[in-house]
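Novice: quick one: sequence plus predicted model below, questions after.
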Amino acid sequence: MIYIGSEKLAIFGGNPVFKKKIPILSMIGKEEKEAVFNVLESGILSQSRQGYYVGLFENSFAQYFKNKYAVSTSSGTTALHTAICTLGIGSDDEVLVPALTFVSTASVVLQEGARPVFVDINPDTFNIDMGDLEKKITKKTKAIIIVHLYGNPNNAIMIEKIAKKYKLIIIEDCAQAHGALFKDEYVGGFGDISCFSFQQSKNMICGEGGMVITNNKNLYKKCATIVNHGLINSDLQKYDYDRLGYNYHLTELQAAIGIEQLKKLKVMNCLRRKNANLYKKYLRDTELIFQKETDNSQSTYYCLTALLPERFKNKRDWFVEALRAENAEILRLYPLSLPQTKLFKRESPICPVAMNVSGRLFNFLTNPGITEEYVKKTCKAVRKVLNYMYEQGAK
């Protein structure tokens, strides 16, 4: 494509594409408001005081994702930490973690004294690379955490085969993938234990919150104990504890919102897919490279992730800054691979694909509340900045 006569960019004093920043609100309706009001009217805000909604949310969530058991937590991070504790992962253990993910996927491993071993990613799907995964397995490896990044499912069947071959535990990090499908089955049903987040930006929300699901009754009992201070059978009257636990409770208010959000999940995911496809449509003749969906899968498009052309690999941060000057809401999730961060770089080998991808990626919002007009204007801003970059590159 030839770029001719670019407009003056807002970052240089030109007129921005959006006159002002547009707040992107979550899809909260009268159902959530009524549910919150009902909790407040009851005067019971905590499950520990005979609350009703937390248990209902857990049961509804487990049933929705075709698991037998669910335990709610205070966040996606505490859900992951609960899973690590439940599985007895500790010092001298290694856990395989994708190199491109949010920090808590790896930091919860450190919390228990174990070592996260980073696995490089596939350059198309941005999920864990199967060849590198098998190379990183050692005698100390105890578990694999698979992350369905940006809502794009991993090839769970291949990972299950590798885990079975080496007798490894699978933890699914579904924080960005509520309702994502692999071979017509929801993610969250392939691992030994799976974790979700309900933080404000996720596909379904309750402000903050998390959930652990499993089909293993023994793991479920351990999870329920860990999130409740280590209390045996959640029986506060007996006041007996058999392990170190934490206060990872979800509140009745959050659970009430979560119940209503779960009912809307399919509709909200359909809107996210629609928005992602609109971005692709309006930017189809650019050189941007979009994250590829895994074969036989359906992404929930937590966000739509794109890569700048290789020639602009050192310009990504400026590109995003220029777009934000146009008042376009563009994200960088995540601008560094975890082995590049100060927390992990001393002991971690570089994962070259993850490093390259993290240096070129940026993300479009796909939230259900955005309009096609918003998508068009965002794409106009992207073209405007790309025009300038191509013109500068041609000089």
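Specialist: Looks like it came in fine.

Novice: low-confidence ranges in this protein?
Specialist: 1-6, 49, 394-395 (pLDDT under 70).

Novice: identify, by residue count, the longest strand of it.
Specialist: Ranked by residue count under DSSP state E, the longest strand found in the chain is strand 141-147.

Novice: can you list the residues that contact that one?
Specialist: Strand 141-147 is contacted by residues 80, 87, 89, 93-98, 101, 105, 109, 114, 117, 127-128, 133, 154, 156, 159, 162-163, 166, 168-173, 175-176, 191 when judged by CB atoms under 8 Å, 6 or more residues apart in numbering. C-betas here are computed from N, CA, C, even on glycine.

Novice: equivalent analysis for stretch 312-325, please.
Specialist: Outside stretch 312-325, the residues that touch it by CB under 8 Å, 6+ apart are 9-11, 16, 308, 330, 332, 335, 356, 359-362, 381-382, 385, 388-389.

Novice: and the residues you listed, which are buried?
Specialist: 9-11, 16, 308, 330, 356, 359-362, 381-382, 385, 388-389 (16 or more other CB atoms under 10 Å).

Novice: cross those against strands and list the overlap.
Specialist: Per DSSP E, those map to strands at 330, 361, 362.

Novice: now the residues you listed in a markdown table, with distance to residue 273?
Specialist: Formatted as a markdown table, these follow (distance: CB to CB, whole Å):
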| residue | distance to residue 273 |
| --- | --- |
| 330 | 20 |
| 361 | 20 |
| 362 | 19 |
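
Novice: can you report phi and psi for residue 196?
Specialist: Residue 196 adopts backbone torsions of phi -130, psi 160, taken as degrees, to the nearest 10.

Novice: hey, where'd the strands end up in the chain?
Specialist: Here the chain has its strands, by DSSP E, at 69-73, 94-98, 115-119, 141-147, 169-173, 181-182, 185-186, 193-197, 210-214, 289-290, 297-298, 303-307, 330-331, 361-365.

Novice: nearest to residue 248, of the ones you listed?
Specialist: Residue 248 lies closest, by CB to CB, to one member of the strands of the chain: strand 69-73, at 4.5 Å.

Novice: packing partners of the closest one?
Specialist: Contact here means 3 or more CB pairs under 8 Å, 6 or more residues apart in numbering; DSSP states H and E; on that basis strand 69-73 packs against helix 53-64, helix 76-86, strand 210-214, helix 217-226.

Novice: make JSON lines from these and add mean neighbour count and distance to residue 196 to it.
Specialist: Supplementary listing: those in JSON lines, determined by neighbours: other CB atoms under 10 Å; distance: least, CB to CB, whole Å:
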{"stretch": "helix 53-64", "mean neighbour count": "20", "distance to residue 196": "8"}
{"stretch": "helix 76-86", "mean neighbour count": "27", "distance to residue 196": "7"}
{"stretch": "strand 210-214", "mean neighbour count": "28", "distance to residue 196": "4"}
{"stretch": "helix 217-226", "mean neighbour count": "19", "distance to residue 196": "13"}
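
Novice: could you dump the ones you listed to a markdown table with distance to residue 266?
Specialist: Below are the helices and strands packed on strand 69-73 laid out as a markdown table (distance: least, CB to CB, whole Å):
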| stretch | distance to residue 266 |
| --- | --- |
| helix 53-64 | 10 |
| helix 76-86 | 21 |
| strand 210-214 | 17 |
| helix 217-226 | 26 |
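
Novice: figure out which of these is closest to residue 369.
Specialist: helix 76-86 (21.5 Å).

Novice: which residues in the stretch 251-395 of the chain form helices?
Specialist: Remark: helices assigned in the stretch 251-395 of the chain by DSSP state H, counting those that start in this stretch are 252-282, 316-325, 352-360, 372-394.

Novice: picking up where we left off before, just want the angle from the longest strand of the chain to strand 169-173.
Specialist: 20 degrees (axes from the mean of the first three to the mean of the last three CA atoms, to 10 degrees).

Novice: parallel or antiparallel, which strands does strand 141-147 pair with?
Specialist: strand 94-98 (parallel), strand 169-173 (parallel) (DSSP bridges).

Novice: just to revisit the earlier point, among the buried ones among the contacts of stretch 312-325, which one lies nearest to residue 51?
Specialist: residue 330 (40.1 Å).

Novice: bridging residues for the closest one?
Specialist: Residues in beta-bridge contact with residue 330 (DSSP bridges): residue 364.

Novice: take the strands of the chain and lay them out in TSV including distance to residue 236.
Specialist: As requested, the strands of the chain are exported to TSV (distance: least, CB to CB, whole Å):
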stretch	distance to residue 236
strand 69-73	17
strand 94-98	33
strand 115-119	35
strand 141-147	32
strand 169-173	29
strand 181-182	40
strand 185-186	34
strand 193-197	25
strand 210-214	21
strand 289-290	51
strand 297-298	43
strand 303-307	41
strand 330-331	43
strand 361-365	43
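
Novice: of those, which is nearest residue 231?
Specialist: Checking the strands of the chain against residue 231 by CB to CB gives strand 69-73 as the closest, at 13.0 Å.

Novice: what lines up beside that closest one in the sheet?
Specialist: Counting by DSSP bridges, strand 69-73 is paired with strand 210-214 (antiparallel).

Novice: pull the residues that contact the strand it pairs with.
Specialist: 58, 61-62, 65, 67-80, 82-83, 86, 188, 192-198, 220, 223, 250.

Novice: dump it to PDB, restricted to CA.
Specialist: Taking Å, rounded to 0.1, in the frame of the first residue of the first chain, the C-alpha atoms of strand 210-214 are listed here in PDB:
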ATOM      1  CA  GLY A 210     -11.700 -14.500  40.600                       C
ATOM      2  CA  MET A 211     -12.800 -18.100  40.400                       C
ATOM      3  CA  VAL A 212     -11.100 -21.500  40.600                       C
ATOM      4  CA  ILE A 213     -12.800 -24.400  38.900                       C
ATOM      5  CA  THR A 214     -12.000 -28.200  38.900                       C
END
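
Novice: what's the angle between it and helix 217-226?
Specialist: Relative orientation of strand 210-214 versus helix 217-226 (the same axes, to 10 degrees): 150 degrees.

Novice: from the chain's centre, how far out is strand 210-214? Work that out for me.
Specialist: Remark: strand 210-214 is offset 14 Å from the chain centroid, using CA atoms, centre = their mean, to the nearest Å.
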